[in-house]
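Engineer: Would you be able to build a 3D model of this:
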Amino acid sequence: MSNNAAKDLKNFKAFTQKTLPKVEPLAYGHRACQGCGEVLALRLAMKALGNDTIVASATGCMEIITSSFPQTAWRIPWIHVAFENASAVATGIEAARKAMMRKGKLPKKRPNIVALGGDGAPADIGLQSLSGAFERGHDFTYLCFDNEAYMNTGVQRSGCTPYGAMTTTSPPGELSIGQYTWKKNVPAIAEAHNIPYVATATVAYHIDLMNKVKKASMVKGPAYVHILSPCPTGWGSRGDSAILTSRLAVQTKVFPLYEVIDGKTIISKEIKKPKPITEYLKTQRRFRHLDNNTVSAIQKRVNEEYKALLKKAGA
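Structural biologist: Okay, the predicted model is just below:
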């Protein structure tokens, strides 16, 4: 695949606190849980994309809370699709629009075509269709709102559930520490497809999030943005802690912020004086059963992965 993201981003103008768009493609009045970090991330992403956007939304929390019949919180074209095929539907929209433009039935313009889902959609159930869409080079953006479990159906573990976390399907006990596998690195999987643009973001750094989503929409070809989206209900954290928890995830190096443009890794926020992993873990009940040895093992793994990321970026 030919990567030309740098060329596509030549005219990129970053959002600042003073130039945040006023458009609200996602209306207030949805039914998200109090303190939901995911819907906050979704609102920010939609503001960055603007009204000229078409969304294919996988089944999940954001579908449920925005589309309870007969109401909707969406002010733009939005399609609810199955858990596994948001990428396939988004690429179908792109292909159909191209065909209709060739036939003169639509004006020649390029709206933002977006697929979105929680972590279960791209990491597990929809990984096959996501991989196929990336491989074929379709012009669309995938937004993953990662709350690290299947929250909508009762907090079951997903491929993005972190090591040691308690969920309803990875309960801790005498024979288990909780989730026994390490979190799947979906941004790295996306990057391995040699697509033009990959980025990570979180709601604690809202302007960084919006700028990365905007960049993703400007790139011609596949783009992927992985957004950490705290779920107070599933994580067992305070209802007003989504921003705090997100910031701690970055400051403890649990969730590094970076982007990959044409294969080149760029650290968005280098953490030179990291906080200990305990600062992050103690904010959430899902980790309260972990012993000191397990916490030390998690800290070691986080340090190793961050060191490898810095080396990759040449930092």
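Engineer: give me the low-pLDDT residue ranges for this protein?
Structural biologist: Low-confidence regions of the chain, defined here as pLDDT under 70, cover residues 1-3.
Engineer: Identify the single longest helix in it, thanks.
Structural biologist: Of all the elements of type helix in the chain, the one with the most residues (DSSP state H) is helix 292-313.
Engineer: Flag every buried residue along it.
Structural biologist: Taking 16 or more other Cβ atoms under 10 Å as the basis for neighbour counts, the residues of helix 292-313 that come out buried are 294, 295, 298, 299, 301, 302, 305, 306, 309, 310, 313. All C-beta spots, glycine's among them, are computed from the backbone N, C-alpha and C.
Engineer: ditto for stretch 24-43
Structural biologist: Judged by neighbour count using 16+ other Cβ under 10 Å, the buried positions of stretch 24-43 are 25-26, 30, 32-33, 35-43.
Engineer: what's around residue 271, how many residues?
Structural biologist: In terms of burial, residue 271 registers 15 neighbours under the definition other Cβ atoms under 10 Å.
Engineer: Am I right that it is in contact with residue 249?
Structural biologist: No - the pair formed by residue 271 and residue 249 falls short of the contact definition of Cβ atoms under 8 Å, at 10.7 Å.
Engineer: Now do the strands in this structure.
Structural biologist: Using DSSP state E, the strands assigned to the chain run over residues 53-58, 78-81, 112-118, 141-146, 197-202, 223-228, 258-261, 264-267.
Engineer: Including mean neighbour count, could those strands go into JSON lines?
Structural biologist: Shown next, in JSON lines, are these (neighbours: other Cβ atoms under 10 Å):
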{"stretch": "strand 53-58", "mean neighbour count": "24"}
{"stretch": "strand 78-81", "mean neighbour count": "19"}
{"stretch": "strand 112-118", "mean neighbour count": "27"}
{"stretch": "strand 141-146", "mean neighbour count": "27"}
{"stretch": "strand 197-202", "mean neighbour count": "27"}
{"stretch": "strand 223-228", "mean neighbour count": "27"}
{"stretch": "strand 258-261", "mean neighbour count": "21"}
{"stretch": "strand 264-267", "mean neighbour count": "15"}
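Engineer: Save those as JSON lines, and put in distance to residue 189 too.
Structural biologist: Written out in JSON lines, the entries for the strands of the chain read as follows (distance: least, Cβ to Cβ, whole Å):
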{"stretch": "strand 53-58", "distance to residue 189": "17"}
{"stretch": "strand 78-81", "distance to residue 189": "21"}
{"stretch": "strand 112-118", "distance to residue 189": "15"}
{"stretch": "strand 141-146", "distance to residue 189": "11"}
{"stretch": "strand 197-202", "distance to residue 189": "9"}
{"stretch": "strand 223-228", "distance to residue 189": "9"}
{"stretch": "strand 258-261", "distance to residue 189": "12"}
{"stretch": "strand 264-267", "distance to residue 189": "15"}
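Engineer: Much appreciated, bye for now.
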